[in-house]
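Engineer: fold the following and give me the result.
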Amino acid sequence: MANASKHDNGATSGMVRAPEGFRRVGSVANAPWFNLKKGNTLRGILENMYERNDERVPKEKGGKSKFFQLKLLEGCECRSGRGEDAKIVRAEAGTVVNLNYGPKTSGLADLVPSIQSGAEYEVWVHVQGDKFKISGGRTMWDMDVQQKLVKAAPALADEEPDFDGNADEPASE
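Structural biologist: As a prediction, this is how the structure comes out:
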């Protein structure tokens, strides 16, 4: 297996980085994809969910598909490149990787609003078995997907109080 270059997906330490607390608003364009293969495990911080043009999705159904991006906490096997030309590579900790949106990963979408408010979630995905058929001629991978809250979103300082009046005035009886 070849090693994935961290430079390829913008995660190299030699590049200029945003100050602490900033989050990327667009996806890493050429990040490798988590390899859906029995026994492969991904452990990383969920960064966001994105949508892309996808030729596999008919235009009548929008022609787009969703995916997640995670920053790896541990290395894992990924696919780098497109279709038949894709190579299996080892992506190391710190690399941003893509994870398909599907029946088993769709619940991660519920975490996105709190991530955008500053929360942080660790995600663990383990491919337990092979792909199997589900309804409507579709297929699904046998995988276990789990998440845990690592950091709660900070409370908003400028939230409106849940009472009427001015906090500096004495309460009336």
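Engineer: so what's Gly129 up against?
Structural biologist: 38, 141-142 (CB atoms under 8 Å, 6 or more residues apart in numbering). For glycine as for every other residue, the C-beta is placed from the backbone atoms N, C-alpha and C.
Engineer: of all these, which comes closest to Val96?
Structural biologist: Taking CB to CB as the measure, Val96 lies nearest Trp141 of the contacts of Gly129, at 21.1 Å.
Engineer: low pLDDT regions in this structure?
Structural biologist: Residues of the chain that meet the criterion pLDDT under 70 lie in 1-15, 17, 23-29, 54-55, 57-58, 156-173.
Engineer: which residues in it form helices?
Structural biologist: 112-116 (DSSP state H).
Engineer: distance of the spatially closest residue to Val125 that is not a sequence neighbour from Lys133?
Structural biologist: What sits nearest to Val125 in space, not counting adjacent residues and going by CB to CB, 6 or more residues apart in numbering, is Leu42, at 4.3 Å. Note on Leu42: its distance to Lys133, by CB to CB, to the nearest Å, is 24 Å.
Engineer: who's more crowded, those two?
Structural biologist: Neighbour comparison, Leu42 and Lys133: the larger count goes to Leu42, with 25 against 9 (by other CB atoms under 10 Å).
Engineer: how far away from the center of its chain is stretch 48-57?
Structural biologist: Relative to the centre of its chain, stretch 48-57 is centred 13 Å away, using CA atoms, centre = their mean, to the nearest Å.
Engineer: the protein: strands as residue ranges?
Structural biologist: 2-3, 33-34, 41-53, 64-72, 76-80, 87-91, 96-100, 120-133, 139-151 (DSSP state E).
Engineer: of the ones you listed, which is nearest Val112?
Structural biologist: Using CB to CB, the nearest of these to Val112 is strand 41-53, at 5.0 Å.
Engineer: paired strands for that closest one, with orientation please.
Structural biologist: strand 64-72 (antiparallel), strand 120-133 (antiparallel) (DSSP bridges).
Engineer: taking strand 76-80 as reference, get the angle to the first one.
Structural biologist: When you say that, I think you mean strand 64-72. Per axes from the mean of the first three to the mean of the last three CA atoms, to 10 degrees, the angle that strand 64-72 makes with strand 76-80 is 140 degrees.
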